[in-house]
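Undergrad: based on what follows, work out the 3D shape:
(chains A and B)
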Amino acid sequence: MEGSVMMRALVITHGDIGEEFVKVAELILGPLEGLEAASNAGHSAEALIELINNWLDREEGPALIMIDDYGGSCATAAQLACGERKDRFILGGVNLAMVLGFLTWRENSEAEVLVQRIVDKGREAIVRLGGS
Amino acid sequence: MSVALARIDDRMIHGQVTAGWGQQLRPDLILLANNAIAADAWQQRVYAASVPPEIGVEILSVAAAAVRLAKAEETGESVLLLTGSPGEMSELVRLGAPIDRVNVGGMHFSAGKSEMLPFVYVDRQDLIGLARLLDQGVDLMAQQVPGGREHPLDDEQLRAMGERL
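TA: The predicted model follows:
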């Protein structure tokens, strides 16, 4: 979007889930920038907050953190690292549709609109396809 | 028994505690004893929000947590007690908290710490805290999650670890 800084995102999860999301997104969309992943493995709460803070501090502009589980260490650390700043967004329940939505729309959307579109897309992706 | 589990975990309130031990033990209350978080309303809100609605949560200073545990003894509430370090747990015992066994659940790597178990990294300060708990007559059991392997920790192991630091 003209005049605005493109949002970047960090997927931070248990195990290697986030890393795999990034790999799969690259398989689908090709090499990409502005999307990174981290794991909570081996990190104390303090270390996880520091990891996120380092990522946040690396560049100016709006930032999105997507985490896997609401109520886990990733969610807590993300909230404590972001504080109450309005240009740092956190979404729980990350799924592939959200990651792909972020990559697809981030160039043409204002931050607040982009984040809401990702939420809507993530919810729409949860569908029942079989069973009764 | 008021203290259903007393756990040292430097992630404090997180999935292994709420979903793992919380589902297994179904405590009335998760009590986090941590001076810094107890003094910061924002951090308290973030940590407390991780606890499912069917379990109560209180975040208190170490001194206030000792008083709260004495009250839980009277009311018969079942408490899942958390501290972020061995020193804080030992301080609770010194203040009279009814703890005879401590679960060493998660002490992660940071600069200056060495591995004792895959989920237990310690420095000298940690070893002093753990040794103090043993001196206070508390049994130490390292175990990450319910049903996970149990590793009893004794004086000899702590001494051997101290020599490696």
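Undergrad: spatially central residue in chain A, please.
TA: When chain A is reduced to its mean C-alpha position, the closest residue under Cα atoms, centre = their mean turns out to be A:M66, at 2.7 Å.
Undergrad: does it have beta-bridge partners, and which?
TA: Beta bridges link A:M66 to A:V11, A:L91 when assigned by DSSP bridges.
Undergrad: let me know whether it touches A:A97 as I believe.
TA: No. When contacts are counted by Cβ atoms under 8 Å, A:M66 is not listed as touching A:A97 (11.4 Å). (C-beta placed from N, C-alpha, C; glycine too.)
Undergrad: dump the residue contacts of the residue nearest to the centre of chain A.
TA: Under the criterion of Cβ atoms under 8 Å, 6 or more residues apart in numbering or on different chains, the contact list for A:M66 reads A:A9, A:L10, A:V11, A:I12, A:G18, A:I90, A:L91, A:G92, A:V94, A:M98, A:V99, A:F102.
Undergrad: and the gap between it and chain B?
TA: With distances taken as Cβ to the nearest Cβ, to the nearest Å, A:M66 is found 17 Å from chain B.
Undergrad: gap between that residue and A:K121?
TA: A:M66 sits at a distance of 12 Å from A:K121 (criterion: Cβ to Cβ, to the nearest Å).
Undergrad: then B:V3?
TA: B:V3 sits 45 Å away from A:K121, going by Cβ to Cβ.
Undergrad: more neighbours: the two, which one.
TA: In this view B:V3 and A:K121 are compared by other Cβ atoms under 10 Å in any protein chain shown, and B:V3 has more residues nearby, 23 against 18.
Undergrad: which residues does that one contact?
TA: By Cβ under 8 Å, 6+ apart, the neighbours of B:V3 are B:L69, B:A72, B:V79, B:L81, B:A97, B:P98, B:I99.
Undergrad: rerun at 6 Å
TA: By Cβ atoms under 6 Å, 6 or more residues apart in numbering or on different chains, the contact set of B:V3 is B:V79, B:L81, B:I99.
Undergrad: can I get these in CSV including neighbour count and distance to chain A?
TA: Converted to CSV, the contacts of B:V3 look like this (neighbours: other Cβ atoms under 10 Å in any protein chain shown; distance: Cβ to the nearest Cβ, whole Å):
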residue, neighbour count, distance to chain A
B:V79, 28, 19
B:L81, 28, 17
B:I99, 21, 22
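Undergrad: so of those residues, which ones are in strands?
TA: Judged by DSSP state E, the subset of the contacts of B:V3 located in strands is B:V79, B:L81.
Undergrad: what residue ranges in chain A score low on pLDDT?
TA: A:1-4 (pLDDT under 70).
Undergrad: quick one, strands of chain B?
TA: B:3-9, B:29-33, B:56-60, B:79-83, B:101-106, B:114-117, B:120-122, B:139-142, B:151-153.
Undergrad: with chain A instead?
TA: According to DSSP E, the strands that chain A contains are A:8-13, A:35-39, A:63-67, A:88-91.
Undergrad: what residues does chain A have near chain B?
TA: Applying Cβ under 6 Å from any Cβ of the partner chain, we find that chain A lies next to chain B at A:G42, A:H43, A:S44, A:A45, A:A47, A:G71, A:G72, A:S73, A:T76, A:Q79, A:L80.
Undergrad: count of neighbours near the first one?
TA: It refers to A:G42. A:G42 has 13 neighbours, counted by other Cβ under 10 Å.
Undergrad: how many residues are close by residue 59?
TA: Answering for chain A, as no chain was given. 11.
Undergrad: right idea, wrong chain: chain B
TA: Residue crowding around B:I59 was assessed by other Cβ under 10 Å; the count is 25.
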